[in-house]
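Peer 1: model this:
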Amino acid sequence: MKFELGFGTGTQKVEIPERNLLAVLEPNKVETGLTGEDAVKEALKNPIGSKRLKEIVKPGEKIVIITSDITRPCPTWKIMPALLTELYDAGISKKDITLVFALGSHRKMTEEEQKHLAGEKAYSEIMCMDGDAADCVHLGVTKNGTPVDIVRTVAEADRRICLGNIEYHYFAGYSGGAKAIMPGVSTFDAIQSNHSMMVQEGAYAGNIEGNPVREDIEEAASLCKVDFIVNVVLNEHKEIIKAVAGDVTEAHRVGCRFLDSLFRVKIPRRADIVLVSQGGAPKDMNLYQTQKALDNAKHAVKKGGTIILIGACTEGLGQKTFEEWMQKAETPDDLIKWTREHFRLGGHKAAAIAMVEKNAEVDLVSEMPDDLVKTCFMHPFRDVQTAFDDAVKKYGSNAEVIVMPYGGSTLPSSES
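Peer 2: Model prediction:
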């Protein structure tokens, strides 16, 4: 059977005998109701675990809306028109509404980026600003020791509304919900404290119960009260196919269950060989981004099996600390140890890769120099077919194979 898998701006071709093919993981077919901005309007009319927003807010209150920055796919410009209408209907003045972009540990955005994300209506009618982690209010400490230091504009508002998109997150379980607060509008120290728990049991994609990172996030949000959320689920074309609104936890969980119905794909058992593509550009511009597909693929491969990771990585490793740690480490164990002992953002993704490499061999099909690939404890290849043929030699002609063309989105689910 022939496959074309996304690779940079093109594809990589591979032929796999049908007798070896255990599964091809594509999104499940689910029925969707309203989509796009209509879905957002409907969610606002029917909040989950909450009164309607216009029944919560009061004229004269300072309202802050927290949304994702340019590094995230949340289509804020499609959410804001209906959200503003809801607030205006409640008698909220335009001058009392501020849209804050949650930068987390990312760079400040340009004016054009802010305008694009906010959309013409919001950008022209209300205050729009980047969160300033240098000006925060201390609201307490979580039981795990994470300082809850929140951007002042957010912390001092009368009402807080969080926006976001829900997708799988490799150690917080899912994005969305309270994640707009922590790490969205938190300090660097707070983010490091929260993310350092990624090496603990329970911190993995698709898991909420007993996930120390997600629990810490939601405890932080309880100290910085979130009054309402609007979250969306996007398909592989980044179109809104589901919107949920209401309580920061209850509405989020409904969105997570919908995501599972679409992208959590059952497999009969784990395979000897897993071929996984991030889907091509821009998702596979560097290894730092392509790691997401690798982390999902770990749920499909047998212990001691091989993951063939397919990503052009034309920009190389993609992040300074990530690169430093990869090139300094002598074994994958070093990366895991460093994350436990002195967590650093950037290095955490190196540790995530190392945790996969402890259980499976990783072959990387990319445009990166071979020597650079080897510093990441991966085996370099230039084309998928050669990598696949090499893996079959290792496991034999009866090797079982799983193909993941949309590796960044689909999450394999197996009982074995």
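Peer 1: Of all residues in this protein, which one is nearest the centre?
Peer 2: Using Cα atoms, centre = their mean, the residue of the chain that lies closest to the mean C-alpha position is residue 169, 4.2 Å off.
Peer 1: quick one, what contacts the closest residue in space to that residue that isn't next to it in sequence?
Peer 2: Leaving aside its sequence neighbours, residue 169 sits nearest to residue 175 (Cβ to Cβ, 6 or more residues apart in numbering; 4.9 Å). Quick note: C-beta positions are derived from backbone N, CA and C, even for glycine. Residues in contact with residue 175 (Cβ atoms under 8 Å, 6 or more residues apart in numbering) are 72, 164-169.
Peer 1: So which residues make contact with the least confident helix or strand in the chain by mean pLDDT?
Peer 2: Least confident helix or strand of the chain, by mean pLDDT, DSSP states H and E, is helix 188-195 with a mean of 90. Helix 188-195 has contacts (Cβ under 8 Å, 6+ apart) with 104-105, 133, 144-149, 171, 182-183, 186, 213, 216-217, 220, 343-345, 348.
Peer 1: Narrow the residues you listed to those in helices?
Peer 2: The members of the contacts of helix 188-195 that map onto helices under DSSP state H are 213, 216-217, 220, 348.
Peer 1: Which of these has the largest number of neighbours?
Peer 2: Neighbour tally across the ones in helices among the contacts of helix 188-195 (other Cβ atoms under 10 Å): the maximum, 28 neighbours, falls on residue 220.
Peer 1: What pLDDT is listed against that residue?
Peer 2: We have a pLDDT of 94 for residue 220.
Peer 1: Nearest spatial neighbour of it, chain-adjacent residues omitted?
Peer 2: residue 182 (3.9 Å).
Peer 1: Let me see the contact set for that neighbour.
Peer 2: Going by Cβ under 8 Å, 6+ apart, residue 182 touches 146, 148, 190-191, 194, 216-217, 220-221.
Peer 1: ok, 6 Å please
Peer 2: By Cβ atoms under 6 Å, 6 or more residues apart in numbering, the contact list for residue 182 reads 194, 217, 220.
Peer 1: Go ahead and confirm residue 279 touches residue 5.
Peer 2: No. The pair residue 279 and residue 5 does not pass the contact test of Cβ atoms under 6 Å, sitting 8.4 Å apart.
Peer 1: Grab the nearest non-local neighbour of residue 227.
Peer 2: By the measure of Cβ to Cβ, 6+ apart, the closest residue to residue 227 outside its immediate chain neighbours is residue 159, 4.7 Å from it.
Peer 1: okay but that neighbour is in contact with residue 64, surely?
Peer 2: No. Residue 159 lies out of contact with residue 64 (Cβ under 6 Å); the separation is 7.1 Å.
Peer 1: Tell me which of those two has more neighbours.
Peer 2: Taking other Cβ under 10 Å, residue 159 and residue 64 do not tie; residue 64 has more neighbours (25 against 21).
Peer 1: Using the three-state scheme, assign the more buried one.
Peer 2: The three-state label for residue 64, taken from DSSP: H, G, I helix; E, B strand; the rest coil, comes out as strand.
Peer 1: measure it to residue 97 for me?
Peer 2: 8 Å (Cβ to Cβ, to the nearest Å).
Peer 1: and the residue nearest to residue 295 when sequence neighbours are not counted, how far is that from residue 263?
Peer 2: Among residues not flanking residue 295 along the chain, residue 170 sits closest, at 4.2 Å (Cβ to Cβ, 6+ apart). Per Cβ to Cβ, residue 170 is found 14 Å from residue 263.
Peer 1: Which of the three states applies to the nearest residue to residue 229 once chain neighbours are set aside?
Peer 2: Closest residue to residue 229 apart from its sequence neighbours, by Cβ to Cβ, 6+ apart: residue 162 at 4.6 Å. State at residue 162, reduced to three classes by three-state DSSP: strand.
Peer 1: ok, residue 162 touching residue 65?
Peer 2: No. Using Cβ under 6 Å, residue 162 makes no contact with residue 65, being 7.9 Å away.
Peer 1: thinking again about what came up before, what about the residue nearest to residue 295, how many residues nearby?
Peer 2: 22.
Peer 1: any idea how far it lies from residue 198?
Peer 2: Using Cβ to Cβ, residue 170 is found at 8 Å from residue 198.
Peer 1: hey, what's in contact with both of these two?
Peer 2: Counting by Cβ under 6 Å, 6+ apart, residue 170 and residue 198 have no shared contacts at all.
Peer 1: how about low-confidence regions in this protein?
Peer 2: In the predicted model, the chain carries pLDDT under 70 at residues 415-416.
Peer 1: for the stretch 101-250 of the chain, what spans make up the strands?
Peer 2: Assigned by DSSP state E, counting those that start in this stretch, the stretch 101-250 of the chain shows strands spanning 127-130, 136-141, 147-151, 159-165, 168-169, 173-174, 228-234, 240-246.
Peer 1: how close does the residue nearest to residue 295 get to residue 195?
Peer 2: 11 Å.
Peer 1: picking that back up, in CSV: the ones in helices among the contacts of helix 188-195, plus distance to residue 124.
Peer 2: Compiled in CSV, the ones in helices among the contacts of helix 188-195 are given as follows (distance: Cβ to Cβ, whole Å):
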residue, distance to residue 124
213, 38
216, 38
217, 33
220, 33
348, 38
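Peer 1: now the contacts of helix 188-195: which count as buried?
Peer 2: Neighbour-count burial (16 or more other Cβ atoms under 10 Å) applied to the contacts of helix 188-195 gives 104, 133, 144, 146-149, 171, 182-183, 186, 213, 216-217, 220, 343-345, 348.
Peer 1: Quick check: can you list the domain ranges of this protein?
Peer 2: According to automatic domain parsing, the chain comprises the domains 2-25+267-413, 36-263.
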